[in-house]
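Visitor: this is a predicted model, with the sequence first.
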Amino acid sequence: MTGRVVFIGAGPGAADLITVRGARRLAQAEVVLFDALTDPALRELAPAARWVDVGKRGFCNSTGQATIDALLVRFASQYERVVRLKGGDPSVFGRLEEELLALAAAGIECEVVPGVTAAIAAAAHTRRPLTRRGSGRSVSLATAMTREGRLQAGGPAQIRSDTEVFYMAGRQLGALGRQLLAAGWPADTPVCVVSRAGWPDALASDHALADLAAAAVLHARRPTVVTVGAAARPVVAAAKTTARDGAPARATAVTT
Ligand code: SAH
(Lines give C-alpha, C1' and ligand atoms only; values in the text may rest on other atoms or scores of the structure.)
Protein backbone atom coordinates (compact mmCIF):
# COMPACT_ATOMS: atom_id res chain seq x y z
CA MET A 1 0.00 0.00 0.00
CA THR A 2 1.27 3.49 -0.81
CA GLY A 3 -0.30 6.36 1.04
CA ARG A 4 -0.41 10.05 0.43
CA VAL A 5 1.38 12.69 2.47
CA VAL A 6 -0.24 16.04 3.21
CA PHE A 7 2.04 18.80 4.48
CA ILE A 8 -0.02 21.15 6.61
CA GLY A 9 0.99 24.56 7.89
CA ALA A 10 -0.25 24.71 11.47
CA GLY A 11 0.26 28.45 11.72
CA PRO A 12 2.62 30.09 14.19
CA GLY A 13 0.78 29.65 17.43
CA ALA A 14 -2.62 29.02 18.84
CA ALA A 15 -4.41 26.08 17.23
CA ASP A 16 -7.17 28.19 15.70
CA LEU A 17 -4.69 29.79 13.28
CA ILE A 18 -4.64 26.62 11.16
CA THR A 19 -6.64 26.96 7.92
CA VAL A 20 -10.02 25.27 7.52
CA ARG A 21 -8.51 23.09 4.80
CA GLY A 22 -5.60 22.19 7.05
CA ALA A 23 -7.97 21.25 9.87
CA ARG A 24 -10.04 19.08 7.51
CA ARG A 25 -7.02 17.22 6.17
CA LEU A 26 -5.68 16.80 9.70
CA ALA A 27 -8.98 15.30 10.84
CA GLN A 28 -8.58 12.59 8.16
CA ALA A 29 -5.03 11.65 9.17
CA GLU A 30 -4.10 8.19 10.37
CA VAL A 31 -0.65 9.31 11.42
CA VAL A 32 0.70 12.80 12.12
CA LEU A 33 4.39 13.72 12.24
CA PHE A 34 4.56 17.03 14.07
CA ASP A 35 7.08 19.72 14.97
CA ALA A 36 8.01 21.30 18.28
CA LEU A 37 6.40 24.65 17.54
CA THR A 38 2.91 23.34 16.85
CA ASP A 39 0.18 23.76 19.45
CA PRO A 40 -0.61 20.55 21.40
CA ALA A 41 -4.30 21.55 21.18
CA LEU A 42 -4.19 20.55 17.50
CA ARG A 43 -4.33 16.95 18.68
CA GLU A 44 -8.00 17.43 19.34
CA LEU A 45 -8.52 17.73 15.58
CA ALA A 46 -7.23 14.19 15.02
CA PRO A 47 -7.65 12.35 18.32
CA ALA A 48 -7.64 8.88 16.77
CA ALA A 49 -4.46 9.41 14.73
CA ARG A 50 -1.06 8.20 15.82
CA TRP A 51 0.95 11.35 16.73
CA VAL A 52 4.70 11.18 16.25
CA ASP A 53 6.89 13.97 17.66
CA VAL A 54 9.74 14.77 15.29
CA GLY A 55 10.33 18.22 16.78
CA LYS A 56 13.50 20.16 16.34
CA ARG A 57 14.22 23.24 18.37
CA GLY A 58 17.01 25.60 17.45
CA PHE A 59 20.27 23.79 17.37
CA CYS A 60 19.28 20.72 19.34
CA ASN A 61 18.18 18.32 16.65
CA SER A 62 15.97 15.89 18.50
CA THR A 63 15.20 14.09 15.25
CA GLY A 64 17.64 14.49 12.37
CA GLN A 65 16.28 15.56 8.99
CA ALA A 66 17.31 12.28 7.33
CA THR A 67 15.38 10.37 9.97
CA ILE A 68 12.28 12.47 9.34
CA ASP A 69 12.58 11.91 5.58
CA ALA A 70 12.88 8.15 6.13
CA LEU A 71 9.97 8.11 8.60
CA LEU A 72 7.70 9.90 6.11
CA VAL A 73 8.48 7.35 3.42
CA ARG A 74 8.00 4.48 5.85
CA PHE A 75 4.67 5.74 7.17
CA ALA A 76 3.43 6.35 3.62
CA SER A 77 4.01 2.65 2.96
CA GLN A 78 2.06 1.70 6.11
CA TYR A 79 -0.78 4.23 6.17
CA GLU A 80 -3.01 5.73 3.51
CA ARG A 81 -3.27 9.21 5.01
CA VAL A 82 -0.11 10.67 6.46
CA VAL A 83 0.08 14.25 7.68
CA ARG A 84 3.29 16.20 8.12
CA LEU A 85 2.32 19.07 10.42
CA LYS A 86 4.70 22.01 10.44
CA GLY A 87 4.76 25.26 12.38
CA GLY A 88 3.81 28.36 10.40
CA ASP A 89 3.88 27.68 6.67
CA PRO A 90 5.59 24.51 5.45
CA SER A 91 7.41 26.32 2.66
CA VAL A 92 9.06 28.95 4.85
CA PHE A 93 12.22 27.66 6.53
CA GLY A 94 10.47 24.35 6.99
CA ARG A 95 12.85 21.90 5.26
CA LEU A 96 10.01 21.18 2.84
CA GLU A 97 12.43 20.78 -0.04
CA GLU A 98 14.21 17.81 1.53
CA GLU A 99 10.95 16.11 2.47
CA LEU A 100 9.39 16.60 -0.97
CA LEU A 101 12.51 15.20 -2.60
CA ALA A 102 12.50 12.13 -0.36
CA LEU A 103 8.84 11.46 -1.16
CA ALA A 104 9.32 12.05 -4.89
CA ALA A 105 12.23 9.62 -4.91
CA ALA A 106 9.97 7.00 -3.34
CA GLY A 107 7.13 7.77 -5.79
CA ILE A 108 4.79 9.00 -3.04
CA GLU A 109 2.06 11.49 -3.85
CA CYS A 110 1.78 14.65 -1.76
CA GLU A 111 -0.07 17.89 -1.23
CA VAL A 112 0.90 21.09 0.55
CA VAL A 113 -1.64 23.07 2.56
CA PRO A 114 -0.36 26.58 3.35
CA GLY A 115 -0.27 28.13 6.80
CA VAL A 116 0.24 31.51 8.43
CA THR A 117 3.95 32.16 8.62
CA ALA A 118 5.51 33.86 11.67
CA ALA A 119 6.26 37.11 9.79
CA ILE A 120 2.59 37.50 8.97
CA ALA A 121 1.50 36.66 12.50
CA ALA A 122 3.95 39.26 13.85
CA ALA A 123 2.55 41.87 11.46
CA ALA A 124 -0.96 41.03 12.64
CA HIS A 125 0.00 41.10 16.31
CA THR A 126 1.55 44.56 16.03
CA ARG A 127 -0.94 45.80 13.42
CA ARG A 128 1.91 46.79 11.16
CA PRO A 129 1.21 46.06 7.52
CA LEU A 130 4.09 44.22 5.88
CA THR A 131 3.78 46.31 2.76
CA ARG A 132 3.25 50.06 2.72
CA ARG A 133 2.16 52.15 -0.20
CA GLY A 134 5.17 54.05 -1.44
CA SER A 135 7.64 53.25 1.36
CA GLY A 136 7.38 49.48 1.73
CA ARG A 137 7.13 47.92 -1.71
CA SER A 138 9.21 44.84 -1.06
CA VAL A 139 9.57 42.35 1.78
CA SER A 140 12.06 39.57 2.17
CA LEU A 141 11.82 36.62 4.50
CA ALA A 142 15.35 35.84 5.53
CA THR A 143 17.15 33.53 7.87
CA ALA A 144 20.09 35.01 9.63
CA MET A 145 21.68 31.59 10.00
CA THR A 146 23.69 29.74 7.40
CA ARG A 147 23.47 25.98 7.06
CA GLU A 148 26.53 25.69 9.26
CA GLY A 149 24.86 27.74 12.01
CA ARG A 150 26.82 30.94 11.34
CA LEU A 151 25.12 34.32 11.46
CA GLN A 152 25.01 36.00 8.06
CA ALA A 153 22.77 38.95 7.30
CA GLY A 154 22.71 42.09 5.23
CA GLY A 155 23.25 42.23 1.50
CA PRO A 156 24.33 45.27 -0.52
CA ALA A 157 22.00 48.27 -0.45
CA GLN A 158 21.02 47.85 -4.12
CA ILE A 159 19.43 44.44 -3.53
CA ARG A 160 17.95 45.21 -0.14
CA SER A 161 14.20 44.95 0.38
CA ASP A 162 12.33 47.84 1.98
CA THR A 163 11.51 45.40 4.80
CA GLU A 164 13.48 42.35 5.84
CA VAL A 165 12.04 39.86 8.29
CA PHE A 166 14.59 37.63 9.96
CA TYR A 167 13.77 34.18 11.25
CA MET A 168 15.96 32.13 13.59
CA ALA A 169 17.94 35.11 14.84
CA GLY A 170 16.48 35.30 18.35
CA ARG A 171 19.66 34.17 20.05
CA GLN A 172 21.90 36.60 18.21
CA LEU A 173 20.04 39.87 18.11
CA GLY A 174 23.08 41.99 18.99
CA ALA A 175 25.19 40.39 16.28
CA LEU A 176 22.34 40.68 13.77
CA GLY A 177 22.10 44.42 14.48
CA ARG A 178 25.87 44.85 14.03
CA GLN A 179 25.88 42.97 10.72
CA LEU A 180 23.02 45.02 9.34
CA LEU A 181 24.74 48.25 10.40
CA ALA A 182 27.93 47.06 8.73
CA ALA A 183 25.91 46.31 5.58
CA GLY A 184 24.82 49.93 5.49
CA TRP A 185 21.39 50.03 7.12
CA PRO A 186 21.08 53.37 8.97
CA ALA A 187 21.48 53.21 12.76
CA ASP A 188 18.00 54.65 13.29
CA THR A 189 16.24 52.05 11.08
CA PRO A 190 13.10 50.92 12.93
CA VAL A 191 13.18 47.31 14.11
CA CYS A 192 10.25 45.44 15.61
CA VAL A 193 10.95 42.20 17.46
CA VAL A 194 8.05 39.83 18.09
CA SER A 195 8.25 36.55 19.97
CA ARG A 196 5.58 33.89 20.19
CA ALA A 197 3.48 35.73 17.62
CA GLY A 198 0.02 34.21 17.43
CA TRP A 199 0.10 32.92 21.02
CA PRO A 200 -1.77 34.58 23.88
CA ASP A 201 1.56 35.57 25.47
CA ALA A 202 3.04 37.14 22.32
CA LEU A 203 5.51 39.91 23.07
CA ALA A 204 6.56 42.83 20.87
CA SER A 205 9.26 45.44 21.31
CA ASP A 206 10.50 48.40 19.28
CA HIS A 207 14.11 49.34 18.76
CA ALA A 208 16.41 51.38 16.60
CA LEU A 209 18.77 49.10 14.69
CA ALA A 210 21.76 50.35 16.71
CA ASP A 211 20.03 49.21 19.95
CA LEU A 212 18.77 45.83 18.80
CA ALA A 213 20.90 43.99 21.39
CA ALA A 214 18.55 45.38 24.07
CA ALA A 215 15.82 43.02 22.83
CA ALA A 216 17.76 39.87 23.73
CA VAL A 217 16.71 39.56 27.37
CA LEU A 218 13.07 40.38 26.70
CA HIS A 219 12.65 37.64 24.08
CA ALA A 220 15.08 35.06 25.46
CA ARG A 221 14.22 31.40 24.75
CA ARG A 222 11.13 32.28 22.72
CA PRO A 223 10.64 31.84 18.96
CA THR A 224 11.29 35.31 17.58
CA VAL A 225 11.05 37.19 14.30
CA VAL A 226 12.82 40.47 13.67
CA THR A 227 11.23 42.93 11.24
CA VAL A 228 13.66 45.54 9.95
CA GLY A 229 12.80 48.60 7.88
CA ALA A 230 9.58 50.03 6.51
CA ALA A 231 7.12 47.52 8.00
CA ALA A 232 8.60 47.91 11.50
CA ARG A 233 7.16 51.41 11.77
CA PRO A 234 4.02 51.54 13.90
CA VAL A 235 0.89 52.76 12.13
CA VAL A 236 -0.52 53.84 15.46
CA ALA A 237 1.37 54.11 18.75
CA ALA A 238 2.51 50.66 19.97
CA ALA A 239 1.24 50.99 23.55
CA LYS A 240 -2.22 51.91 22.32
CA THR A 241 -2.47 48.98 19.91
CA THR A 242 -1.68 46.38 22.54
CA ALA A 243 -4.07 47.84 25.08
CA ARG A 244 -6.98 48.05 22.68
CA ASP A 245 -7.61 44.38 22.05
CA GLY A 246 -7.35 43.10 25.57
CA ALA A 247 -3.56 43.28 25.68
CA PRO A 248 -2.38 39.99 24.20
CA ALA A 249 1.20 41.05 24.89
CA ARG A 250 2.64 40.84 28.38
CA ALA A 251 4.66 43.97 27.82
CA THR A 252 5.55 46.37 25.10
CA ALA A 253 8.98 47.89 25.40
CA VAL A 254 9.54 50.96 23.29
CA THR A 255 13.20 51.84 23.31
CA THR A 256 13.24 54.15 20.33
N1 SAH B 1 7.76 27.47 9.00
C2 SAH B 1 7.81 28.42 10.08
C3 SAH B 1 9.24 28.85 10.38
C4 SAH B 1 10.08 27.72 10.92
S5 SAH B 1 11.72 28.21 11.30
C6 SAH B 1 6.94 29.62 9.73
O7 SAH B 1 6.47 29.71 8.59
O8 SAH B 1 6.70 30.47 10.58
C9 SAH B 1 11.58 28.56 13.04
C10 SAH B 1 11.69 30.07 13.26
O11 SAH B 1 10.46 30.68 12.93
C12 SAH B 1 11.96 30.46 14.69
O13 SAH B 1 13.34 30.42 14.98
C14 SAH B 1 11.44 31.88 14.71
O15 SAH B 1 12.36 32.77 14.11
C16 SAH B 1 10.24 31.77 13.79
N17 SAH B 1 8.99 31.54 14.52
C18 SAH B 1 8.25 30.41 14.52
N19 SAH B 1 7.14 30.57 15.26
C20 SAH B 1 7.16 31.84 15.72
C21 SAH B 1 6.28 32.62 16.50
N22 SAH B 1 5.14 32.11 16.97
N23 SAH B 1 6.63 33.90 16.77
C24 SAH B 1 7.76 34.44 16.30
N25 SAH B 1 8.64 33.75 15.55
C26 SAH B 1 8.34 32.47 15.24
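Guide: That came through, no problem.
Visitor: am I right that residue 106 is in contact with residue 73?
Guide: Yes: distance between residue 106 and residue 73: 4.6 Å, which falls inside the contact criterion (CB atoms under 8 Å). No exception for glycine: its C-beta is placed from N, CA and C like everyone else's.
Visitor: neighbour count for the two, which is higher?
Guide: Neighbour count, other CB atoms under 10 Å: between residue 106 and residue 73, residue 73 has more, with 19 against 16.
Visitor: so does whatever helix or strand that one lives in get close to the ligand?
Guide: Assigned by DSSP states H and E, residue 73 falls within helix 65-78. No: with CB under 6 Å from any ligand atom as the measure, helix 65-78 is seen stopping short of the ligand, the closest distance being 13.0 Å.
Visitor: switch to numbering from 12
Guide: In the new count, where the first residue is 12, that last one comes out as helix 76-89.
Visitor: quick check: nearest residue in space to residue 47, chain neighbours excluded?
Guide: Here the nearest residue to residue 47 in space, its sequence neighbours aside, is residue 66; by CB to CB, 6 or more residues apart in numbering that works out to 3.0 Å.
Visitor: which parts of the stretch 12-161 of the chain sit against the ligand?
Guide: 23-24, 48, 97-100, 103-105, 128-129, 132-133.
Visitor: what about those residues, which are in strands?
Guide: residue 97 (DSSP state E).
Visitor: dump the residues of the stretch 12-161 of the chain next to the ligand to TSV, plus neighbour count.
Guide: Formatted as TSV, the entries for those read as follows, by neighbours: other CB atoms under 10 Å:
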residue	neighbour count
23	30
24	24
48	18
97	28
98	25
99	30
100	25
103	20
104	18
105	20
128	25
129	28
132	24
133	28
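Visitor: so how far is residue 30 from the residue nearest to residue 47?
Guide: When CB to CB, to the nearest Å is the yardstick, residue 66 and residue 30 sit 21 Å from each other.
Visitor: residue ranges with poor pLDDT in the stretch 112-261 of the chain?
Guide: In the prediction, the stretch 112-261 of the chain carries residues with pLDDT under 70 at positions 157-160, 166-169, 248-261.
Visitor: and the nearest residue to residue 111 once chain neighbours are set aside, bridged to which residues?
Guide: If you skip the residues right next to it in sequence, residue 111 has residue 121 as its closest partner in space, 6.7 Å away by CB to CB, 6+ apart. When bridges are taken as DSSP bridges, the partners of residue 121 come out as residue 16.
Visitor: number of nearby residues for residue 121?
Guide: Neighbourhood size, residue 121 [other CB under 10 Å]: 18.
Visitor: can you check residue 112 too?
Guide: By other CB under 10 Å, the residues close to residue 112 number 11.
Visitor: pretty sure it sits in a helix.
Guide: Yes: under DSSP: H, G, I helix; E, B strand; the rest coil, residue 112 falls within a helix.
Visitor: I am finished for the moment; much appreciated.
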